[in-house]
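J.: I would like the atomic coordinates for the input below:
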Amino acid sequence: MVDRRGVWGAVDDLSQRRGGLYTDDPKKNPDATFITRIGVSELIDRDFDELVIERKVLEMMRSARSARQIQIINALVPGNITRALAGEHVGTIITADE
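T.: Predicted structure coming up:
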């Protein structure tokens, strides 16, 4: 479920452990880097084996009028949900292509 601000209503186990997206699995690759911001097309082009969000949602963001970005956060960290809802950058922000 995504509301008009792009707040994702489901919590995924993978995002809980990581708090966002990385260039690779940080548990397997110590050189993996945290992705703070990424566009939908770039994310789809990277063709990650695992994503914390369904690819269909990413495709729908391309033509969305109001949900132009979403943020992947660690919802288990106290205050992260409130901070994200207040507009603070606390995870990976995925933006619709301009």
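J.: Quick check: mean pLDDT of the host helix or strand of I38?
T.: Under DSSP states H and E, the secondary-structure element containing I38 is strand 37-39. Averaged over strand 37-39, pLDDT sits at 94.
J.: quick one: low-confidence parts of this structure?
T.: Low-confidence regions of the chain, defined here as pLDDT under 70, cover residues 1-18, 98.
J.: Try it again at 50.
T.: Scanning the chain for pLDDT under 50 picks out the ranges 1-16.
J.: Which residue would you name as the spatial centre of it?
T.: Most central residue of the chain, judged by C-alpha distance to the mean C-alpha position with CA atoms, centre = their mean, is I72 at 3.2 Å.
J.: related to what we said a few turns ago, go ahead and measure how far the strand holding I38 is from the middle of the chain.
T.: Counting by CA atoms, centre = their mean, to the nearest Å, strand 37-39 is centred 9 Å from the centre of its parent chain.
J.: Going by residue numbers, what spans are strands in this protein?
T.: If you assign secondary structure with DSSP state E, the strands in the chain sit at 21-22, 34-35, 37-39, 69-72, 92-95.
J.: Among the ones you listed, which comes closest to L85?
T.: Taking CB to CB as the criterion, strand 69-72 is the member of those that comes nearest to L85, at 9.5 Å. C-beta coordinates here come from the backbone N, C-alpha and C atoms, glycine included.
J.: Give the pairing partners of the closest one; include direction for each.
T.: Strand 69-72 has its sheet partners listed here by DSSP bridges as strand 92-95 (antiparallel).
J.: my guess is D25 meets T33, correct?
T.: No - with contact defined as CB atoms under 8 Å, D25 and T33 do not form a contacting pair (11.9 Å).
J.: hmm, back to that, cross-check the contact I'm expecting between the residue nearest to the centre of the chain and T92.
T.: Yes - at 4.5 Å, I72 and T92 qualify as touching, with contact defined as CB under 8 Å.
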